[in-house]
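>>> Test case, fold it:
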Amino acid sequence: MKKDITQREDIDLLMRVFYDKLLADKSISYIFTDVAKIDIHEHLPVIGNFWESILLNQNVYHNNAMKVHIDLNSKSPLLKEHFDTWLNHFTQTVDELFDGNIALMAKQRAMSVATLMQITIKQRSNNQKTL
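Alright, predicted model coming up:
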């Protein structure tokens with residue numbers, strides 16, 4: 001029986017398995033490797049802080065995730081297909097590893113994050129076209 005997400009170690013496991021999937025998926029991996037040029041060993045603790053903040057109510061993420069993705073979009077367009085792939089891998093990974101209320105909330109929050117980012121990026125793009 002799978003357990004729920006209850007501590008930082010659970011989030012770290014989720015992020016490691018999730019990013020293994022993202023980096024193995026050629027339809028999206030280039031965004032991380034070629035465009036953002038992330039160092040996965042530096043990125044995982046930062047993204048872990050993001051999820052720990054929103055799932056476990058810990059005040060450990062102090063960056064602006066939206067700005068990071070808006071800047072990234074200016075280098076290479078982040079398309080609906082990218083968000084769909086990201087969300088699919090995230091949901092599958094949560095389902096493989098965890099079960100419970102916080103696991104469910106993680107999937108719901110991931111959907112909200114992906115939706116908000118798409119809306120914000122589209123609005124920014126539309127605003128720049130009218131300038």
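>>> Report the distance from the helix or strand where S112 lies to the chain centre.
S112 is part of helix 101-130, with elements assigned from DSSP states H and E. Distance of helix 101-130 from its chain centroid, counting by C-alpha atoms, centre = their mean, to the nearest Å, is 10 Å.
>>> Just list what it packs against, helices and strands only.
Applying 3 or more C-beta pairs under 8 Å, 6 or more residues apart in numbering; DSSP states H and E, one finds that helix 101-130 contacts helix 40-56, helix 65-75, helix 80-97. Where you see a C-beta, it was placed from the backbone N, CA and C, and this is true even at glycine.
>>> Compare the mean pLDDT across these and name the weakest.
Among these, helix 65-75 carries the lowest mean pLDDT, at a mean of 92.
>>> Would you indicate which residues of that helix are buried?
Buried residues in helix 65-75, counting neighbours by 16 or more other C-beta atoms under 10 Å, are found at 65, 69-70, 72-73.
>>> Among these, which one lies nearest to N59?
A65 (14.7 Å; C-beta to C-beta).
>>> related to what we said a few turns ago, right, and the helices and strands packed on helix 101-130 - which one's nearest M1?
Nearest to M1 among those is helix 80-97 (12.3 Å), distances taken as C-beta to C-beta.
>>> hmm, who's touching that closest one?
2, 5, 10, 13-14, 17-18, 21-22, 25, 27-28, 31, 103, 106-107, 110-111, 114, 117-118 (C-beta atoms under 8 Å, 6 or more residues apart in numbering).
>>> Buried residues in stretch 49-57, which are they?
So stretch 49-57, judged by 16+ other C-beta under 10 Å, has buried residues 49-55.
>>> any chance of these in JSON lines, plus distance to T91?
Formatted as JSON lines, the buried residues of stretch 49-57 follow (distance: C-beta to C-beta, whole Å):
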{"residue": "N49", "distance to T91": "21"}
{"residue": "F50", "distance to T91": "17"}
{"residue": "W51", "distance to T91": "14"}
{"residue": "E52", "distance to T91": "19"}
{"residue": "S53", "distance to T91": "20"}
{"residue": "I54", "distance to T91": "16"}
{"residue": "L55", "distance to T91": "14"}
